[in-house]
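In: Compute the structure for the input listed below.
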Amino acid sequence: MASGPRRLRRTEFLMEATTPMIDVIFILFFFFISVSQIKRSTVKVELPEVSDPVASGDKKDDKEPLRWEILLARDGTFGLGKEVFRTREALFARIEERAARDRVSGRPIVAEIITDREADTGPLVDLVNFLSRKGVRRLEFLALEKASAGRGGR
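Out: Got it, this is the predicted structure:
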């Protein structure tokens, strides 16, 4: 049954050109051990004591402005903070009381007027004129899609 000269097949190994896995594991192990040995340095910092009541939060800053939130709703109602008023005159009377009280503090007053995009602009113009006569020097405006006076703030 000899069919001719027999030749041995040459087999190729895939691992000839690669580094053995044990060497890779050893290198990684050595790297992580050496990195974990790095000491963390700490620096002791001595901060000064805070005696100013403003910095410690015990007292409000005298220069910080007083903020009023005034709401003009689409349905004709008005709001000042969490209070709701049905008429413009009632709102103006309350603003006058509050302005007299807040002017004593000497802090500036900032009025944030929140209005509905669909609301009538007549009361807004009257309000701006009234606030300028009462000593409010800074106004901020916010127009919402739908504002209601009974929401008590934002």
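
In: Please point out which parts of stretch 66-73 sit buried.
Out: By 16 or more other Cβ atoms under 10 Å, the buried positions in stretch 66-73 come out as 66, 68-73. Glycine gets a C-beta too; all of them are placed from N, C-alpha and C.

In: That should have said stretch 117-126, apologies.
Out: Judged by neighbour count (16+ other Cβ under 10 Å), stretch 117-126 contains these buried residues: 119, 123-124.

In: after the helix or strand bottoming out on mean pLDDT in the chain, next one along is what?
Out: Least confident helix or strand of the chain, by mean pLDDT, DSSP states H and E, is helix 53-56 with a mean of 58. Note on helix 53-56: by DSSP states H and E, the next helix or strand toward the C-terminus is strand 66-72.

In: Now do that next one: distance to the chain's middle.
Out: Its chain's C-alpha centre and that of strand 66-72 lie 20 Å apart, by Cα atoms, centre = their mean, to the nearest Å.

In: Stretch 104-112 now?
Out: 24 Å.

In: Looking at it now, give me its mean pLDDT.
Out: Stretch 104-112 comes out with an average pLDDT of 82.

In: do stretch 68-78 as well
Out: 84.

In: how long is that stretch from one end to the other?
Out: Stretch 68-78 has an end-to-end distance of 13 Å (criterion: Cα to Cα, to the nearest Å).

In: same deal with stretch 103-117?
Out: With Cα to Cα as the measure, what separates the two termini of stretch 103-117 is 31 Å.

In: Report the buried residues of that stretch.
Out: Applying a neighbour-count criterion of 16+ other Cβ under 10 Å, one finds 109-111, 113-116 buried in stretch 103-117.

In: Closest to Arg94 out of those residues?
Out: Of all these, Arg94 sits closest to Ala111, with 12.9 Å by Cβ to Cβ.

In: Flag the shaky bits of this structure, pLDDT-wise.
Out: Where the chain drops to pLDDT under 70, the residues are 1-5, 7-19, 39-40, 50-62, 146-154.

In: For it, just list every one of the helices.
Out: Using DSSP state H, the helices of the chain run over 21-36, 53-56, 88-103, 122-133.
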